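K.L.:
Predicted model and sequence below, questions to follow.
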Amino acid sequence: MTEPKAGAAPAPAGLTWAQVCKECGQGHGGQEGHLYEYQDEVDDELVCHICLQPLLRPMDTPCGHTYCFLCLSSFLREQDFCPVDRQRLQLHQCRASSLLVRNLLDKLTVLCPFHAHCQQQMQRCELQPHLHNRCPAFRKLREEAEKRKRPSWNELKGRAEGDPGATPSTPRPAPRPPEARPTPGWSTPPSRRARMSQKPQVEEAPLRSSLVAEANVVELYRDEAEQELGVRIVGGKDTPLGNIVIQEVLRDSLAARDGKLAPGDHILEVNDVNVACVPHRRAIAVLRRPCSLLRLTVMLVKRERSEPLGIKLIRKSEEAGVFILDLLAGGVAAKDGKLRNNDKVLAINGQDLRHGTPESAAQIIQASEVRVNFVVMRQNEVSEEGGSSGEGPGRGSRRVPDMQYFRRRSTYMKDPPGGFSSQEKTVSLKKEPRLSLGITIAGGRDSRGRVPVYITSVQPVGCLHRDGTIKTGDVLLSINGVDLTQLTYSEAVSVLKAQTAQSSVVLRVVQTITEGEEEEEEEEGDTEHKDELEVLDNPREDDLNWAPLWTRWLGLPSHMHWCRDIVLQKTNAESWGFSIVGGYEESHGQQPFFIKTIVPGTPAHFDGRLKCGDEIVAVNGATTVGMNNSSLIPLLKLQKNKVTLTVVSWPGSLV
């Protein structure tokens, strides 16, 4: 074995679990770069000119030099020039190095820092998954720390805030030491390492998780300064949720590829700006600030065990290769939705399986630590009408929607949360028959969020722009007396086109209002911050993906909500798996009940339909209006094996 080169970091002998970095396995400060024991000489082109070590998170300057991100950012806090040629330089002018450079650095060979017990060499990018999945010394250190600090399962359940299966009197534990979350086996949603069901089935203890969380720092590097993080956010101090909570991680996004963030995580800081106790729209503005590095301090909800991949593979007598027989309910593959029964597996993680076996496929998957990438072949599918599918090969046939499904109105009357309300506006216009209203719309009851049709822009040409009453974000109620609130997108477009051909138009809309919104902007006293907040309410006219913030939906009257019933089932005395906030309080009056956290490994988590930020408006058909938190929790606990939740789910704000 090659000896480590001079200057390598010492082995982490004698370090405690709290002192060990969960990414590189060495002991260093939180603001210091990771340490590695490189086994070969490193090309000078891949060495930082400041620390003289192989580059970590390399950043290119406009003048053509490359440094570690931490080295460069620390240097530029004291100076304003490039360390090599002394040209004027600011950090925001720098960009992440090319994918080629980053790949070359990732492939550098390093030694496991626990080499006294683990004589393994690997590529640098493989060290973190090696530590968390294969290194016996690292695992032993973690287990010893957990034994010393982890309370019993019953205690953990009792500490969940508002958990229907909790014991409220149990005190909350101190946060556990930071531990890196396992990276996902799929591109999105975040998931755990795959376990093939092709192996003999072994009865295991029920997967148990708790609401115990730990603070951690997640650093995300954007290729472009304005690149979206790819998560939907709910909460804020102006809502019953209080904290900023991740509702969803979007497929194939920056956050999904990184794999450390997951639904239910609480965002505490963004680039050292505290967002734990700020209004929703203020937190969104901070998250949308252009920057190359997004450094998030996040309260990560612990996942104690991995989820099964949930795929059964078979071989066929008439054709060589491996085929998918079934996707198990609750498994990662079934939730991801990309694979189908009877798909032929051509390759897994780049390894050819056109003539492979289910056993060889299982070995490849079990050896995977970061991602499980499938290449499959699928026969063209036929739609329900008998013709070819409009989705194309590999997308699946599309179910013809039941129109009554979209027209389900809320029968549960309730007031919006404190601080949110709405007002109706009506515009009557006389116009030329061919003159456009000059608006663009989105939403519709067939949209993913089941939101009503809303205005995405008011064009500078058209009669509504001149009138000035109708604004971006207003929700359409009716046009010339025709109700628009329960229509699909295409239905709404057809009605608008038909009615705008008339010589007169009466348009009714509803605008949602947040109390103190204008005062909040004035209190900022900072032009930069006020500009950011204005951008949230005044999107670019060409921004086709613009949508209202999550908080805008909260102010809509309840008759415009889209309610759905979610039935959860369980077979033992475990918790339903979610925590709630809200309800009646003397100091705040009646607030809706919101779901704050979904607990991994529980009925709510495996069902997959509940999301953080969902409102619970009824339990088993009984309205929750007028109930307080201490009344609803026992009601949920009384439901032994089955409960029906009627919920309203608004899409979180995209950042």
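P.N.:
Good, I have the coordinates.

K.L.:
Report pLDDT for the closest residue in space to Pro557 that isn't next to it in sequence.
P.N.:
Closest residue to Pro557 apart from its sequence neighbours, by Cβ to Cβ, 6 or more residues apart in numbering: Ser422 at 5.9 Å. Where you see a C-beta, it was placed from the backbone N, CA and C, and this is true even at glycine. Ser422 is assigned a predicted lDDT (pLDDT) of 90.

K.L.:
After the host helix or strand of Ser422, which helix or strand is next? Please name it.
P.N.:
The secondary structure element spanning Ser422 is strand 420-430 (assigned by DSSP states H and E). Elements were assigned by DSSP H and E; along the chain past strand 420-430, the next helix or strand is strand 439-442.

K.L.:
what's in contact with stretch 317-324?
P.N.:
For stretch 317-324, the surrounding residues in contact (Cβ atoms under 8 Å, 6 or more residues apart in numbering) are 311-316, 339-346, 353-358, 360-361, 376.

K.L.:
what residue is smack in the middle of the chain?
P.N.:
The geometric centre of the chain, computed from its C-alpha atoms, lies nearest to Val249 (Cα atoms, centre = their mean), at 2.2 Å.

K.L.:
Let me see the confidence value for that one.
P.N.:
You'll see Val249 listed with a pLDDT of 90.

K.L.:
Can you list which of the contacts of stretch 317-324 are found in helices?
P.N.:
Taking DSSP state H, the ones among these that sit in helices are Pro358, Ser360, Ala361.

K.L.:
re earlier: tell me the helices and strands packed up against the strand holding Ser422.
P.N.:
Secondary-structure packing of strand 420-430 (3 or more Cβ pairs under 8 Å, 6 or more residues apart in numbering; DSSP states H and E): helix 463-467, strand 504-514.

K.L.:
which secondary structure elements does the first one contact?
P.N.:
Counting contacts by 3+ Cβ pairs under 8 Å, 6+ apart, helix 463-467 is packed against strand 420-430.

K.L.:
Buried ones in the strand it packs on, by neighbour count?
P.N.:
Counting neighbours by 16 or more other Cβ atoms under 10 Å, one finds that the buried residues in strand 420-430 are Phe420, Ser421, Ser422, Val427, Leu429.

K.L.:
ok, Leu328 to Leu309 distance?
P.N.:
For Leu328, the distance to Leu309 (Cβ to Cβ, to the nearest Å) stands at 9 Å.

K.L.:
out of these two, which sits in the busier spot?
P.N.:
Neighbour totals were compared for Leu328 and Leu309, and Leu309 leads with 28 against 14 (other Cβ atoms under 10 Å).

K.L.:
just to revisit the earlier point, now the helices and strands packed on strand 420-430 in JSON lines, with mean neighbour count, mean pLDDT and distance to Phe578?
P.N.:
As requested, these are exported to JSON lines (neighbours: other Cβ atoms under 10 Å; pLDDT from 0 to 100; distance: least, Cβ to Cβ, whole Å):
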{"stretch": "helix 463-467", "mean neighbour count": "16", "mean pLDDT": "79", "distance to Phe578": "42"}
{"stretch": "strand 504-514", "mean neighbour count": "19", "mean pLDDT": "90", "distance to Phe578": "26"}
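
K.L.:
Next, format the ones you listed as TSV and append distance to Asp43.
P.N.:
Compiled in TSV, those are given as follows (distance: least, Cβ to Cβ, whole Å):
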stretch	distance to Asp43
helix 463-467	59
strand 504-514	55
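
K.L.:
got a winner among the ones in helices among the contacts of stretch 317-324 for most neighbours?
P.N.:
Ala361 (24 neighbours).

K.L.:
doesn't Ala347 make contact with that one?
P.N.:
No: assessed by Cβ atoms under 8 Å, Ala361 is found out of contact with Ala347, at 9.8 Å.

K.L.:
Residues in contact with both of the two, list them for me.
P.N.:
For the pair Ala361 and Ala347, residues contacting each of them under the criterion Cβ under 8 Å, 6+ apart are Leu353.

K.L.:
burial count for the closest residue in space to Thr646 that isn't next to it in sequence?
P.N.:
Once its chain neighbours are removed from consideration, Thr646 has its nearest residue in Ala618; the separation is 3.7 Å (Cβ to Cβ, 6+ apart). By other Cβ under 10 Å, 20 other residues sit near Ala618.

K.L.:
now for the helices and strands packed on strand 420-430, which one comes closest to Gly583?
P.N.:
Nearest of the helices and strands packed on strand 420-430 to Gly583, taken as Cβ to Cβ: strand 504-514 at 21.2 Å.

K.L.:
now the stretch 451-600 of the chain, which segments are flagged as low pLDDT?
P.N.:
Along the stretch 451-600 of the chain, the parts satisfying pLDDT under 70 run over 516-545, 586-588.

K.L.:
if we can go back for a sec, quick check, nearest of the ones in helices among the contacts of stretch 317-324 to Ile470?
P.N.:
Of all those, Ala361 has the smallest distance to Ile470: 56.8 Å, by Cβ to Cβ.

K.L.:
For that closest one, give its distance to Lys338.
P.N.:
Distance from Ala361 to Lys338, counting by Cβ to Cβ: 16 Å.

K.L.:
got it, and Val453?
P.N.:
Val453 sits 30 Å away from Lys338, going by Cβ to Cβ.

K.L.:
The two: which has the busier surroundings?
P.N.:
Val453 (26 against 14).

K.L.:
report the longest helix in this protein, please.
P.N.:
Assignment by DSSP H gives helix 136-149 as the longest helix of the chain.

K.L.:
Give me the mean pLDDT for that helix.
P.N.:
In this model, helix 136-149 carries a mean pLDDT of 78.

K.L.:
same deal with stretch 44-51?
P.N.:
91.

K.L.:
now what about that stretch, what contacts it?
P.N.:
Contacts of stretch 44-51 with the rest of the structure, by Cβ under 8 Å, 6+ apart, involve 33, 53-56, 58, 65-68, 71-72, 75, 83-84, 101, 104-105, 108.

K.L.:
if we can go back for a sec, please produce a markdown table containing the buried residues of strand 420-430, extended by distance to Gly626.
P.N.:
Output for the buried residues of strand 420-430, formatted as a markdown table (distance: Cβ to Cβ, whole Å):
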| residue | distance to Gly626 |
| --- | --- |
| Phe420 | 19 |
| Ser421 | 20 |
| Ser422 | 22 |
| Val427 | 37 |
| Leu429 | 43 |
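
K.L.:
Surely Glu228 and Leu254 touch.
P.N.:
Yes: with contact defined as Cβ under 8 Å, Glu228 counts as touching Leu254 (6.9 Å).

K.L.:
higher neighbour count, the two?
P.N.:
Comparing Glu228 with Leu254 by neighbour count (other Cβ under 10 Å), the higher total belongs to Leu254, at 19 against 16.

K.L.:
quick one: Ala573 from Asn641, how far?
P.N.:
Plainly put, Ala573 is 10 Å away from Asn641 if you go by Cβ to Cβ.

K.L.:
can you check Ile244 too?
P.N.:
35 Å.

K.L.:
which one of these two has more residues nearby?
P.N.:
Neighbours per residue, other Cβ under 10 Å: of Ile244 and Asn641, the larger number sits with Ile244, 31 against 11.
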